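S.K.: mind folding the following:
(one chain, ligands or ions: 1)
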Amino acid sequence: MAVTIKAEPESIELEWPRTALVIIDMQRDFIEPGGFGSSLGNDVSKLRRAIVPCQGLLAAARAQGLMVIHTREGHRADLSDAHPAKVMRGHPATRIGADGPMGRILIRGEPGHDIIPELYPLAGEVVIDKPGKGAFYQTDLELLLTTHGITTLLVCGVTTEVCVHTTIREGNDRGYRCVAVSDCCASYFDEFHQTGLRMITAQGGIFGWVTDSAAIIETITA
Ligand code: TIU
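M.R.: This next block holds a predicted model:
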């Protein structure tokens, strides 16, 4: 049965069995002090505002039986899946692969690479390990969406203008209807969060929709 979600620039009709909740990179490396986010000079506390809304939407999605997908940005220990153009930025002591308080920065298996405890995946939920900013780049995400018959993505996570945006752009070009969930996304830069969302809805929703968690949850519980 189809439901209608209030969204910008216009409402969107969707069917739950064909909809996935995608939570982008809610990792300790971005959200807690001592990881990749802080090594880049960011105020990581700014990302915490997305945690409680994501918890609420995640609980509702699980109750509704939606496909839930978590992603993690990170690389193999030998950095063989990291382009030098990505690694060789910033001070050597704070680059991807450098030692930090939560282990090697953005390296798979290190404490900082893991998802924050507040949003930890349940057994059976999909976790996509991605080497890029977008969740489709060099992953099997598109294959999983195809085999599950998914057509619409509700996209949450961090950061709004980097990995969330890149994933929505990639998904849009692959034919998915991508809906950013505004209060479940966050940025180190308030203006980038706001402008990033406006970029999605401008021009008649040029590459997606924007809604908030309350608009989705009210249709789940209705
Ligand atoms: N630095 C920043 O804003 N973001 C990233 O590097 N990755 C994600 O957005 N996940």
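S.K.: so residue 41 lies in a strand, does it not?
M.R.: No - counting by DSSP: H, G, I helix; E, B strand; the rest coil, residue 41 falls outside a strand, being coil.
S.K.: how many residues are close by it?
M.R.: 10 (other Cβ atoms under 10 Å). (Glycine included, C-beta is placed from N, CA and C.)
S.K.: also the one 10 residues further on?
M.R.: For residue 51, the count of nearby residues is 17 (other Cβ under 10 Å).
S.K.: contact partners for it?
M.R.: 26, 31, 116, 118-119 (Cβ atoms under 8 Å, 6 or more residues apart in numbering).
S.K.: and those residues, which are buried?
M.R.: Buried by 16 or more other Cβ atoms under 10 Å: 26, 31, 116, 119, out of the contacts of residue 51.
S.K.: pick the one among the contacts of residue 51 closest to the ligand.
M.R.: residue 26 (9.0 Å; Cβ to the nearest ligand atom).
S.K.: how about that closest one: what's its closest non-neighbour residue?
M.R.: Closest residue to residue 26 apart from its sequence neighbours, by Cβ to Cβ, 6 or more residues apart in numbering: residue 119 at 4.8 Å.
S.K.: which helices and strands does the strand ranked longest in the chain pack with?
M.R.: Within the chain, and with DSSP state E defining each element, the longest strand by residue count is strand 177-186. With contacts taken as 3 or more Cβ pairs under 8 Å, 6 or more residues apart in numbering; DSSP states H and E, strand 177-186 sits against strand 12-15, helix 51-64, strand 152-158, helix 165-173, helix 190-205, strand 209-211, helix 213-221.
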